[in-house]
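Trainee: Show me how the following folds:
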Amino acid sequence: MIRRVAGRRGVIVIPAFAVGRAQGIMLHIARLRQRDEIPAVPVYRAIVHVTIWSAQDVLMVPVAALFRKGEGWAVFAVKDGAARAIAIKIGQRNGRMAEVQRHHRRGPCRAASNRVKDGVTVSERDVR
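Mentor: Below is the predicted model:
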């Protein structure tokens, strides 16, 4: 197919959604070229980042802070220096962060680690 398309001065687009897969395809094309099985053709690679969701002014928590509470989700929030489990409804999420659509607590909600227990004294730290 590469010979046919190159002969017509066409373009081949090969989608590869994983870095390892893309590298494998590029290596295979290079080997075909070394063995003169395909003509010398320009090869381009594009790295694309696709945003499937974004929003402003939303409360986000690390997914590592989430834990199951009954049928729903919960986080430990800091209130008066102690960790308190609060039920939340999550919306969009990925492998790192989750959107909190609703939480049952007035005031700011600062998530604590899911490794603490309800009522344990906690303090904020600066994580960079």
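Trainee: C-alpha from now on. contacts and neighbour counts both.
Mentor: Fine.
Trainee: And the helices in this protein?
Mentor: Secondary structure of the chain by DSSP state H: the helices cover 2-7, 19-34.
Trainee: Export those to JSON lines and append columns for mean neighbour count, mean pLDDT and distance to residue 55.
Mentor: Formatted as JSON lines, the helices of the chain follow (neighbours: other CA atoms under 10 Å; pLDDT from 0 to 100; distance: least, CA to CA, whole Å):
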{"stretch": "helix 2-7", "mean neighbour count": "12", "mean pLDDT": "82", "distance to residue 55": "43"}
{"stretch": "helix 19-34", "mean neighbour count": "13", "mean pLDDT": "85", "distance to residue 55": "28"}
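Trainee: would CSV of those helices with distance to residue 78 be doable?
Mentor: What follows is the helices of the chain, written out as CSV (distance: least, CA to CA, whole Å):
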stretch, distance to residue 78
helix 2-7, 60
helix 19-34, 40
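Trainee: Low-confidence ranges, the protein, go.
Mentor: Applying pLDDT under 70 to the chain flags residues 104-115, 124-125, 127-128.
Trainee: For it, which strand extends over the most residues?
Mentor: Ranked by number of residues, the top strand in the chain under DSSP state E is strand 82-93.
Trainee: Contacts for that one, please.
Mentor: Strand 82-93 has contacts (CA atoms under 8 Å, 6 or more residues apart in numbering) with 53, 63, 69, 72-78, 98-105, 112, 116-123.
Trainee: Mind giving me the PyMOL command for buried ones among the residues you listed?
Mentor: Buried subset of the contacts of strand 82-93, written as a PyMOL selection, criterion 16 or more other CA atoms under 10 Å:
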select buried, resi 63+74+75+76+77+78+98+99+100+112+122
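Trainee: Tell me where the protein has strands.
Mentor: Using DSSP E, strands in the chain cover 59-62, 67-69, 72-79, 82-93, 97-103, 111-112.
Trainee: if I pick residue 73, what's in contact with it?
Mentor: Residue 73 neighbours (CA under 8 Å, 6+ apart): 66-67, 87-90.
Trainee: What subset of those is buried?
Mentor: Neighbour counting with 16+ other CA under 10 Å marks 66-67, 87-88, 90 as buried within the contacts of residue 73.
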